[in-house]
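Q: Dropping a prediction and its sequence here:
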Amino acid sequence: MSDKEKSRVTVIIMGEEYILRGSATSDDMHKVGHYLDRLMRTLSEKNIQMSKYKIAVLAALNLADELLKLKEEKTLYSGNQRERGVEDELV
């Protein structure tokens, strides 16, 4: 999608409506919104007295942790592939 062809979707997160615009597909943006809504609702159920703001920060911390772990796994995996070289390829 070019810069001019941005998808626009409305998602509901924790009862609040948000309009998302981006180059991702509408379906992908809905998935992201739904994922965040589920995460925040789960966190709010475990932390009943916490404000929505603090739940959002906690969700951001959880997502950052997931992202960093995936990046680390990718780096480790990529490094292992380079170390093994061609000898491990099936012929």
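A: Alright, I've got the coordinates. Residues are numbered from 1 along each chain as shown.

Q: Tell me where the chain has strands.
A: For the chain, the strands defined by DSSP state E cover 7-13, 16-22.

Q: Please identify the deepest-packed of those strands.
A: Across those, averaging neighbours per residue (mean count of other C-beta atoms under 10 Å) puts strand 7-13 on top, at a mean of 15. Bear in mind the C-beta positions are built from the backbone N, C-alpha and C, glycine included.

Q: Tell me what angle it forms with strand 16-22.
A: Strand 7-13 and strand 16-22 meet at an angle of 150 degrees, taking axes from the mean of the first three to the mean of the last three C-alpha atoms, to 10 degrees as the criterion.

Q: For the residue nearest to Glu17 when sequence neighbours are not counted, give me its contacts.
A: Nearest-residue entry for Glu17: Thr10, 5.9 Å, with adjacent residues in sequence omitted and distances by C-beta to C-beta, 6 or more residues apart in numbering. Contacts of Thr10 were listed using C-beta atoms under 8 Å, 6 or more residues apart in numbering, and they are Glu17, Tyr18, Ile19, Leu20.

Q: could you redo the last one with a cut-off of 10 Å?
A: Going by C-beta atoms under 10 Å, 6 or more residues apart in numbering, Thr10 touches Glu17, Tyr18, Ile19, Leu20, Met29, His30, Gly33.

Q: Give me the pLDDT for the third one.
A: As summarised for this prediction, Ile19 has a pLDDT of 97.

Q: For the closest residue to it other than its chain neighbours, give its distance to Leu67.
A: Among residues not flanking Ile19 along the chain, Thr10 sits closest, at 5.4 Å (C-beta to C-beta, 6+ apart). Thr10 sits 25 Å away from Leu67, taking C-beta to C-beta, to the nearest Å as the criterion.
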